[in-house]
Structures are given as structure tokens and as C-alpha cells.
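> return atomic coordinates for the entry below.
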Amino acid sequence: MRDADLSLILLDWYDRNARDLPWRVPPDLSRNGIRPDPYRVWLSEVMLQQTTVAAVKSYFERFTRLWPNVNELARAEDAAVMAEWAGLGYYARARNLLKCARVVSGDLGGVFPSTAEGLRQLPGIGPYTAAAIAAIAFGARETVVDGNVERVMARLFDEHTPLPKAKPILTTHAASLTPPKRTGDYAQAVMDLGATICTPRSPSCGICPWRDPCLARQRGTAAILPGKEPKKAKPVRFGFAYVGRRGDGAWLLETRPERGLLGGMLGWPGSDWTDEPDHDPPAEADWRVVGGEARHTFTHFHLRLQILTAELEVSVSPAAGHFIAARDFRPSALPTVMRKVFDLAAPSFPPIEKPAAKR
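Predicted structure coming up:
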């Protein structure tokens, strides 16, 4: 079957089965030349890096309510954006999101470049994201390859070279199928196919629009594709987290350095994350160990945090961190690992007694 025929078959399937996503223009409109807002495409693609559609939807909808265009986002306070991003993970994305918004708003008049080459010059936009924005928002003929596309191509062509070595091969296959028209719809169609039918486990080959030409289905190899090189075991790092509260209910927190993991995010003062961390509390107090550890997995290592809590004097001057009044503290604004710390530490603190009402 010709490449052009495969593309048409998939586009026809997409016209009938496209997912309804808040950043997407439905195919019946896109066929008539209506394209999505580049800001919404860019925002969704950044959020979707290393994250699922299900997890992103509510974040995307909240972000676009608060900051409906790139100029509004560029004017937002860093802390407000980081707080709204909390829980989505990979926090460097949020920092680059703000940098990119400010470049587009301040240097480009609020207009995103329409080419992948131009988009790649912006902070936080790599080759995949640039290709996706250029194809979906501007109709450029770019080859868009994410994990879903790699899986579909590996099975369609029965390619057994393991990832990541197979990336150039799978990209070549994807490029050969990318049509000259409706490029954005086609890119989204392949991603939808991988997300809903050609899934990692138990693919629904019986209803796949590419069922007949799929070499892996013919040869019975779909379940083992794409091949992957064995993963190296992740090391384990350790650390201390100090959760302190004053008698007036204010919590001792810190804003983490801009560079590094959880950069710019709010969190609990603590040690470095190493094999043998130093025990160095941020303030003089009777620090007590909480039963249980906060455990979290990052891309390259597992983290185990021992938690210590203390009631702090109102007059204390901490060596690290700053106090946030109880009324201004939202656990939901913390990154996931810091929320895990809070959930384990909170029961150690007695309720704050409210002043008796005047008679």
C-alpha cells in the first residue's frame, strides 16, 4: 500500500474518532482551514512532555482561565505560575514556560514563530515540541514523533531495533507517511492512534485503521514492540526535611534555588539529597523525627526523606527559609514530594487554638 493511501486512511479514521481535547480544533473545522491558537498548542505541548493527557487537562483549563493569552502569562508572577504548576512535575518546564512567554510577548509582539526552526530558538522548545506546534498551529509539513508515534511506527513496519537506537529509523518511517496537507491533523491522528488503539499493552488490532498493512500484526510481534534496551537501576538518595510551625500557625518554608530539581518551587527547608546527608536544622528547636519516610521517584533516582517536626518560638530567626501565615499557606501549591512530607508531618502538630470570642 502506498504511503499516501496509508495517510488518507488514518485521516479518515481521525475525522470520525478524534479525541475531544481542550486545546484542539475538531477535524470538521480544521478541514476548512481553521487552526488552533498557537498559544494553546504551545501550552498543551509543554504540559504534555512526560505527562499524560488525563493529568494535563485540568491544569490546562486552569492556566487558560488565569492567563488566556501569552501576554497575560508573561505578566504573571513567577510564584503564582509555579504554584499552579505544582503537582504536574518536571518543574524546569514551568520556568522555561515563563521565559518563553516573556520572549514571545516582549521581543516578538506576542506572536509565535510559524516555523519549527524559529520555534526552536525559544526557551524550553526542543525539536519535537517545535515540530508539533509548527504542524498543528501553522500547518507546516513537519514530522512529529513522540512515544505514541514511535510505538505505532515500530509495529507498522515491524522494526525490532531497540529504543533509543531506533529513533532515527522510526522518524524516517514517520516522515515518509506525513502528507503535504492536513499535517497537523495527521500528526494528532497518529498520536491518537497510539493513545487509544495501538496502546503499549493489549493493542486493539481488530479495530485499527492500519490493521491490514501492519507488519507486526501479520507476524505476531506487536506485543514486544517497540523494543527497549534494559534500564539501569536507579540509585537511591537520602535527605532530611524540616517542617516547623510557629505558635501563631505560620509555617517555615523556603523557595528552592532557580537551578536544580524543583527549582523556584516552594518547599520545606532540608538537607542536600545525597548518600549521607548532613543533619542541619534551619532553626533552634526541639526537632522530633516523624515515623515513616516521604518517598518519591525522580527521573534519575529514588528519594527517601526523613522528616523532622518542631513547634517554633514566635521570636525565632531561622537560618533558612521564611514564614508563611497559615491563611496564606496552601498545601496544593507544593510540589508532590513536598506534599508527601506535609501529609506525614501534619498530624504531629496540635490544632491552633482560636481566640475566644468577645462577649
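> whatever helix or strand Val56 lives in: what's the following helix or strand?
Using DSSP states H and E, Val56 sits in helix 53-66. As assigned by DSSP H and E, the chain's next helix or strand after helix 53-66 is helix 70-75.
> contacting residues around that next one?
Residues outside helix 70-75 that contact it (Cβ atoms under 8 Å, 6 or more residues apart in numbering): 39, 42, 63, 66-67, 81, 97-98, 101-102, 104-106, 110, 112. (Glycine included, C-beta is placed from N, CA and C.)
> do stretch 177-195 as well
Taking Cβ under 8 Å, 6+ apart as the rule, stretch 177-195 contacts 3-4, 6-8, 10-11, 13-14, 17-19, 24, 27, 30-31, 35, 53, 131-132, 135-144, 146-149, 151-152, 174, 208-210.
> now do the same contact list for the closest residue to Glu142 other than its chain neighbours.
Distances taken as Cβ to Cβ, 6 or more residues apart in numbering place Ala131 nearest to Glu142, at 3.9 Å, with adjacent residues excluded. Counting by Cβ under 8 Å, 6+ apart, Ala131 makes contact with Ala116, Glu142, Thr143, Val144, Val145, Ala187.
> before we move on, what about Met153?
Met153 touches Val145, Glu159, Leu170, His173, Ala174, counting by Cβ under 8 Å, 6+ apart.
> who wins for neighbours among those?
Val145 (25 neighbours; other Cβ atoms under 10 Å).
> Lys99: which element?
Under the assignment here (DSSP H and E), Lys99 is part of helix 92-107.
> and that helix, what does it pack against?
On a contact count with 3 or more Cβ pairs under 8 Å, 6 or more residues apart in numbering; DSSP states H and E, helix 92-107 meets helix 38-48, helix 70-75, helix 78-85.
> and the strands in this structure, which stretches?
236-246, 251-255, 266-267, 288-297, 302-312, 322-324 (DSSP state E).
> can I assume His296 is in contact with Lys340?
Yes - using Cβ atoms under 8 Å, His296 is in contact with Lys340, at 6.3 Å.
> if we can go back for a sec, state the distance from the residue nearest to Glu142 to Trp42.
12 Å (Cβ to Cβ, to the nearest Å).
> and if you look at Leu305?
From Leu305 to Trp42 the distance is 34 Å (Cβ to Cβ).
> quick one, domains of the protein?
Using automatic domain parsing, the domains assigned to the chain come out as 3-224, 236-348.
> closest one to Pro230 among the ones you listed?
Pro230 lies closest to domain 3-224 among these, at 9.0 Å (Cβ to Cβ).
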